[in-house]
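1. build the 3D model from these lines:
(2 chains)
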There are 2 protein chains.
Amino acid sequence: METHEVSPGGPASVVDWIVRKRDGGELDPEQIQQLIARFMQGEVTDYQLSAWLMAVFFQGLTLAETVALTQAMLHSGRQLTHPGNSRPKVDKHSTGGVGDKISLCLAPLVAACGAAVPMISGRGLGHTGGTLDKLEAIPGYQVRISAARFQSIVRRAGVSIIGQTKELAPADARIYALRDVTGTVASRPLIVASILSKKLAAGLDALVMDVKVGDGAFMRDRDSARALSQLLSRVGGQLGLPVRGLLTEMTSPIGHAIGNALEVREAIEVLQGAGPPVTRELTLALGTEMLRAAGLERQPAAARRRLERALSSGAGAECFARMIALHGGDARVVAEPWRLPRAPSRAAVLAPRAGYVSQIDARALGLLGVWLGAGRTRADQAVDPRVGIELCVQVGAHVEANEPLAHLHLATRRQSAAAAARALAAFTLSARRPSPLPCVLERWGPARG
Amino acid sequence: METHEVSPGGPASVVDWIVRKRDGGELDPEQIQQLIARFMQGEVTDYQLSAWLMAVFFQGLTLAETVALTQAMLHSGRQLTHPGNSRPKVDKHSTGGVGDKISLCLAPLVAACGAAVPMISGRGLGHTGGTLDKLEAIPGYQVRISAARFQSIVRRAGVSIIGQTKELAPADARIYALRDVTGTVASRPLIVASILSKKLAAGLDALVMDVKVGDGAFMRDRDSARALSQLLSRVGGQLGLPVRGLLTEMTSPIGHAIGNALEVREAIEVLQGAGPPVTRELTLALGTEMLRAAGLERQPAAARRRLERALSSGAGAECFARMIALHGGDARVVAEPWRLPRAPSRAAVLAPRAGYVSQIDARALGLLGVWLGAGRTRADQAVDPRVGIELCVQVGAHVEANEPLAHLHLATRRQSAAAAARALAAFTLSARRPSPLPCVLERWGPARG
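-> Okay, here's the model as predicted:
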């Protein structure tokens, strides 16, 4: 019979819920809660949830549905508290970029300014990197620790960066795994529920978002980035988590380094008061928002001064070293970055002619990084911490012919020619000086709860 | 990382195919073929296919994609031939209705006129019934037989009606089971591929469709019914299967009986030259199209005369009896319908006042039939062959107060009051005589291949 629409195969209501969403209707919070709870119990199958997710991709979710989904995912696990830790808990989350090592310097810096930063990060996938892979470039650093140890490190170092655990928002991990293989990642309400359920589970008081815009980012235009930001702050507001953030440029890579150990080294440079201007600027801009979100400073200028002091005093670097040590890592890398793993082979990418660097294609270099072994195309692949790309120039620089544009750090010399050719193709040289792009495009505040 | 879109978890291309369809793109025939072949091999998971099916629900399929999907499903199993059977092979398929017992009388009647009718039918689900459940009301009738036995019965009786086998278009069975529980039944190209892959596998020369329109049907408006008809004939034409058919009315039930044994009895009445006028008329109209599609008659009037002769001579009834016997059933039911199973209890539904019967709600009576046990809401439920509803009137009839509108055939007397109240609610009585609705609304011919 081809005429049948709503009924069998498991609880009848599940098909009704899929069809209602498919036809543009709204589910009430209780139904959303049931859907996720039954999915976690195995009563709603993977194929039913993925059909529902695809229907959501097309029809969206209302604000109330998004709030309910976030709550349902949050309540699939435990919600951390931080007993005995009176500091305001604040975290930063980025929608993902190329060369985005900001978390590594930002989290300890903000901790050094008096906030607690319980950060749960992800791994790299596709052209974008992941903070966990970067941390694991530090010899000995353990990203998988118990929730109790996480709480303890946050208390003692002011900051801990770990991977997602099975205790916190397990529904998010399972749903994300499904979305990843069913073409349903690119849905705004699903993205918001995924981010916020994890952040709420970590026991935050406030969240700062770095929403990246541009060809190297997930959101290619500002309107989508704004819509995502607005939804994050509205859903966060309804759930008692103030969310604010920045829209930042992601057309060229952030700073100089792409690749795990190389990015740790750049983050350390920033914590030592140096580093590429863009990396430093993003760290300060996001740090300013975090201190304000944490209620530690009201005025942006004051927040920025406090962060700059923590850089110049070395307090941020000390926090980083303390966190590394508590995670079992070799904290000496902070003072002696040469202890980080290094690739056995190098190749220079030379400018074929003189000109201004008018574009550096972040996406292309991100994919080249994957090809070199710094990233992965499948979730189960290992990464090589040593390899990557080190830019010698930034957009706007003038180069002479044969001046190096980048150095490649390679696992094997055999990759040199091919990698250099791919890297070169990511650069655009032009006769005229390009107009500079600001790295922070917009700032947005929390919505009312 | 929330930024990832296309990659891991199985062959990367599968996610690409989902995303391409999601974004309104077209897959080439080779990709569709691969998608279905890999699904049958377990490389493409149920949840990936259901996400793809939901994307198809929203984005549709092009004609070329629909043709490729039909072929891929057909080639998932074997394609029957009918060696040694020189008759033209023709079948009828209905999109499903309430009280639709037409296949039972039509198939043997057309066989009696010289065609071969290798018919693969389905079971009832929701408010519509299924031919297999009706046949199983005949004591001993086996709907599950081997393909070889099916071919042999078609050769010997001119007609055989069986259930879907694992040999013929197994991809259709698996995909339909997924669609049924993921809200992806109501997609025109998926419906067309499902119907035609099975029909092509049965080794037909031509197909006649009964596309039902109205509140009791899957298609509630004529435009959707026409669009489905057109797609069926275009896809059939491309695959060498001429498809023609009728658009028929499905607002009130067909004829008098709703319920398995009751419908078999009504079909036998038609084969004996009697039966309700609508049931007879639909049988003759669809039979006319089948004889024309089979190339046995060119002119509708000649086809109709040939069918009427096969009714009055008893040749159609003989074919039915022969088919029943070859399927292991008690062929005596054709001459002695009292041998069919009968419900132990009856209840009359009486007109509360005088008036014209202006509406009989097919959907409501179909659902009442399910409640009585004649149908099912879940694919794994058994049906009671004995129970159902027997209408005493048709739309347009005038009744006096307390005249019976219907008799209910019940498994238990305890259902009487509730069932009678529900049945009564399905009737609309009015003071004015309603204008009659034709049962055949439109006729459409095959598309060029």
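2. okay, buried residues for stretch A:381-391 please.
-> Within stretch A:381-391, the residues that count as buried by 16 or more other Cβ atoms under 10 Å in any protein chain shown are A:383-391. No exception for glycine: its C-beta is placed from N, CA and C like everyone else's.
3. what's the average pLDDT for it?
-> Per-region confidence: stretch A:381-391 scores 94 on mean pLDDT.
4. near chain B, which residues of the stretch 201-350 of chain A show up?
-> Proximity of the stretch 201-350 of chain A to chain B is confined to A:217-218 under the rule Cβ under 8 Å from any Cβ of the partner chain.
5. can you give me the helices for the stretch 201-350 of chain A?
-> For the stretch 201-350 of chain A, the helices defined by DSSP state H, counting those that start in this stretch occupy A:222-238, A:260-271, A:277-293, A:300-312, A:315-326.
6. sorry, back to before: out of the buried residues of stretch A:381-391, which is nearest to chain B?
-> Closest approach to chain B among those (Cβ to the nearest Cβ): residue A:383, at 13.0 Å.
7. now do the SS call for the nearest residue to that closest one once chain neighbours are set aside.
-> Using Cβ to Cβ, 6 or more residues apart in numbering or on different chains and skipping residues adjacent in sequence, the residue nearest residue A:383 is residue A:133, 5.1 Å away. When classified by DSSP: H, G, I helix; E, B strand; the rest coil, residue A:133 comes out as helix.
8. name the SS class of residue A:358, please.
-> Classification of residue A:358 by three-state DSSP places it in strand.
9. surely it is in contact with residue A:395?
-> Yes. Look at residue A:358 against residue A:395 with Cβ atoms under 8 Å: they come within range, at 6.8 Å.
10. of those two, which one has the most company?
-> Each of residue A:358 and residue A:395 has its neighbours counted (other Cβ atoms under 10 Å in any protein chain shown); residue A:395 has more, 20 against 17.
11. please name the nearest non-neighbouring residue to the more buried one.
-> Nearest to residue A:395 is residue A:252, by Cβ to Cβ, 6+ apart, at 5.1 Å.
12. then residue A:365?
-> residue A:426 (5.0 Å).
13. spit out the contact partners of the one you found.
-> With contact taken as Cβ atoms under 8 Å, 6 or more residues apart in numbering or on different chains, residue A:426 is in contact with A:360-361, A:364-365, A:368.
14. again, but for residue A:81
-> By Cβ under 8 Å, 6+ apart, the neighbours of residue A:81 are residue A:203.
15. at 10 Å instead, please
-> A:89, A:151, A:203 (Cβ atoms under 10 Å, 6 or more residues apart in numbering or on different chains).
16. what is the nearest of the residues you listed to residue B:107?
-> Comparing these against residue B:107 with Cβ to Cβ places residue A:203 closest, at 68.2 Å.
17. ok so, going back, can you add mean pLDDT and give the helices of the stretch 201-350 of chain A back as JSON lines?
-> Converted to JSON lines, those look like this (pLDDT from 0 to 100):
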{"stretch": "helix A:222-238", "mean pLDDT": "96"}
{"stretch": "helix A:260-271", "mean pLDDT": "98"}
{"stretch": "helix A:277-293", "mean pLDDT": "97"}
{"stretch": "helix A:300-312", "mean pLDDT": "98"}
{"stretch": "helix A:315-326", "mean pLDDT": "98"}
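18. my read is that residue A:91 contacts residue A:80, right?
-> No. The criterion here is Cβ atoms under 10 Å, and residue A:91 misses it with residue A:80 at 11.7 Å.
19. which residues are common contacts for the two?
-> Any residue near both residue A:91 and residue A:80 by Cβ under 10 Å, 6+ apart counts here, and that gives A:118, A:120, A:202-204.
20. between residue A:358 and residue A:395, what contacts are shared?
-> Common neighbours of residue A:358 and residue A:395 (Cβ under 10 Å, 6+ apart) are A:427-428, A:434.
21. check what pLDDT residue A:216 gets.
-> The per-residue pLDDT reported for residue A:216 equals 85.
22. can you check the one 3 residues further on too?
-> What the model reports as pLDDT for residue A:219 is 85.
23. check contacts around it.
-> Here residue A:219 is in contact with A:95-96, A:186, A:188, A:191, A:211-213, A:225-229, A:247, A:250, B:3 (Cβ under 10 Å, 6+ apart).
24. sketch out the low-pLDDT regions of chain A for me.
-> A:1-12, A:448-449 (pLDDT under 70).
25. tell me, what residue is most central in it?
-> A centroid search over chain A (Cα atoms, centre = their mean) returns residue A:94, at 3.7 Å, as the residue closest to the centre.
26. now do the phi/psi pair for that one.
-> phi -110, psi 150 (degrees, to the nearest 10).
27. quick check: closest non-adjacent residue to it.
-> residue A:210 (4.0 Å).
28. what residues are bridge-paired with that neighbour?
-> Judged by DSSP bridges, the bridge partners of residue A:210 are residue A:94, residue A:246.
29. the residue in the stretch 251-400 of chain A that chain B sits nearest to - how many residues pack around it?
-> Here the residue of the stretch 251-400 of chain A nearest chain B is residue A:378; by Cβ to the nearest Cβ that distance is 3.8 Å. The criterion is other Cβ under 10 Å. On that basis, residue A:378 has 11 neighbouring residues.
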